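Undergrad: can't give you the sequence, but here's the structure:
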């Protein structure tokens, strides 16, 4: 019998900085594979190959806010991104899709990352049945053509993505294919395409939708917006946002640092309480609760607020309280509808809409 190659163990003493880099690569690789990977396995891969793009991705993720700011500036200036930069963007898209919260991803964002994956998937030169099976497992099985037990194929992937996008075009569709957010990152991180120019042409039309998802992922990981530091002397004076009135409820707005807005929700009566909301995520969640809490849903729970309904003399009553302080307010069906209308009218104002669009680019699709 021919001699079998022997496997030898190599022990190395590494610096703390290198150990942290290896650990970071391990976490990113584990996320891509969907299973735990040891640090020794990562070190072995680095010794056996030269994954320059993957190393660049890891370096970029070490400074996430600064990296994503550079990516946004390049996209807005219509400058090309490197393959590593697109991969970083896709990494945070996945983080945004995977984030568990009670403010669902918008249909538009889901369609953006599905169509972006569809666009780059067309660039693949070689078949890869193992990867195709992975992509299909992240897409809705009910939209897969033919029998789900049939071998995975590129055509099955393409048809399943297309049908998922078609289903999402229906505004009544409440379900979201959040696992499909992993496919773009796995594709770009898997060396299936090496033509940076082709990737830029394919993904450029979808960058804003991808960005909102990436900013969402960044916020849930680090609890801060993607925002450059602005000196007070560089700030631009923005127009005031008018108060909004509805059935004696009042919304008042005060501009804060950067694009931030502080909101005051005033209740009727000369001694009515005034409820403050101090951040984009908090205000956005309150808006989601207004839309999500109905007589049928019975309760709604988020990071900041808990809402519920109850019956009194045959009529549905609505209440909400903040997790931080437990202060609770109650409303009749008519009052709850008035509050919904109040917020809807506020967000139709051009002065607020322009500011909110920019906050969405900084905080993401929350």
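TA: Yep, that arrived. Computed from a prediction, not measured in an experiment: that's the story for all the values here.

Undergrad: so who does the residue nearest to residue 154 when sequence neighbours are not counted touch?
TA: Using CB to CB, 6 or more residues apart in numbering and skipping residues adjacent in sequence, the residue nearest residue 154 is residue 132, 6.2 Å away. Placement of C-beta: from N, CA and C, glycine included. By CB atoms under 8 Å, 6 or more residues apart in numbering, residue 132 lies in contact with 152-154, 156-157.

Undergrad: would TSV of those residues with pLDDT, distance to residue 173 and neighbour count be doable?
TA: Output for the contacts of residue 132, formatted as TSV (pLDDT from 0 to 100; distance: CB to CB, whole Å; neighbours: other CB atoms under 10 Å):
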residue	pLDDT	distance to residue 173	neighbour count
152	87	25	21
153	91	26	16
154	93	26	16
156	93	22	20
157	95	21	23
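
Undergrad: and of those, the nearest to residue 146?
TA: residue 156 (7.2 Å; CB to CB).

Undergrad: Helices - which of the contacts of residue 132 land there?
TA: In helices, defined here by DSSP state H, the members of these are 154, 156-157.

Undergrad: List the buried residues in stretch 291-310.
TA: By 16 or more other CB atoms under 10 Å, the buried positions in stretch 291-310 come out as 292-293, 300, 302, 304-309.

Undergrad: Pull the most distant pair out of those.
TA: 304 and 309 (18.6 Å).

Undergrad: Got the phi and psi for residue 270?
TA: phi -70, psi -20 (degrees, to the nearest 10).

Undergrad: That one and residue 248, how far apart?
TA: The gap separating residue 270 from residue 248 is 11 Å, by CB to CB, to the nearest Å.

Undergrad: now the helix or strand hosting residue 91: mean pLDDT?
TA: Following DSSP states H and E, one finds residue 91 within helix 83-98. Averaged across helix 83-98, pLDDT comes to 95.

Undergrad: Helix, strand, or coil at the residue nearest to residue 154?
TA: Following DSSP: H, G, I helix; E, B strand; the rest coil, the label given to residue 132 is helix.

Undergrad: Please renumber the chain so that the first residue is 732 from this point on.
TA: Got it, first residue is 732 now, which makes that one residue 863.

Undergrad: Quick check on residue 1001 and residue 979: which one has the bigger neighbour count.
TA: residue 979 (12 against 4; other CB atoms under 10 Å).

Undergrad: Now the more buried one. Its backbone dihedrals?
TA: Backbone torsions of residue 979, given as degrees, to the nearest 10, read phi 70, psi 0.

Undergrad: rewinding a little: greatest separation within the contacts of residue 863: which pair is it?
TA: Most distant of the contacts of residue 863, by CB to CB, are 883 and 885, 8.5 Å apart.

Undergrad: residue closest to the middle of this structure?
TA: Central residue of the chain (CA atoms, centre = their mean): residue 827, 2.8 Å from the mean position.

Undergrad: Next up, the contacts around that residue.
TA: 836, 840, 912, 944-949, 951, 1095-1096.

Undergrad: go with 10 Å
TA: Residues in contact with residue 827 (CB atoms under 10 Å, 6 or more residues apart in numbering) are 836, 840, 844, 909, 912, 941, 943-952, 1095-1097.

Undergrad: Domains in the chain, by residue range?
TA: 781-953, 967-1094 (automatic domain parsing).

Undergrad: could you dump the ones you listed to TSV with distance to residue 959?
TA: Formatted as TSV, those follow (distance: least, CB to CB, whole Å):
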stretch	distance to residue 959
domain 781-953	6
domain 967-1094	9
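
Undergrad: Give me whichever of those is most buried.
TA: domain 781-953 (a mean of 18; mean count of other CB atoms under 10 Å).

Undergrad: now that domain, how far from the centre of its chain.
TA: Centre-to-centre, domain 781-953 and its host chain are 11 Å apart (CA atoms, centre = their mean, to the nearest Å).

Undergrad: coming back round to it: return the subset of the buried residues of stretch 1022-1041 lying in strands.
TA: Among the buried residues of stretch 1022-1041, the residues falling in strands (DSSP state E) are 1031, 1036-1040.

Undergrad: I'd say residue 1004 and residue 1061 touch.
TA: No: between residue 1004 and residue 1061 no contact is recorded; they are 12.0 Å apart, counting by CB atoms under 10 Å.

Undergrad: I appreciate the help and will end here.
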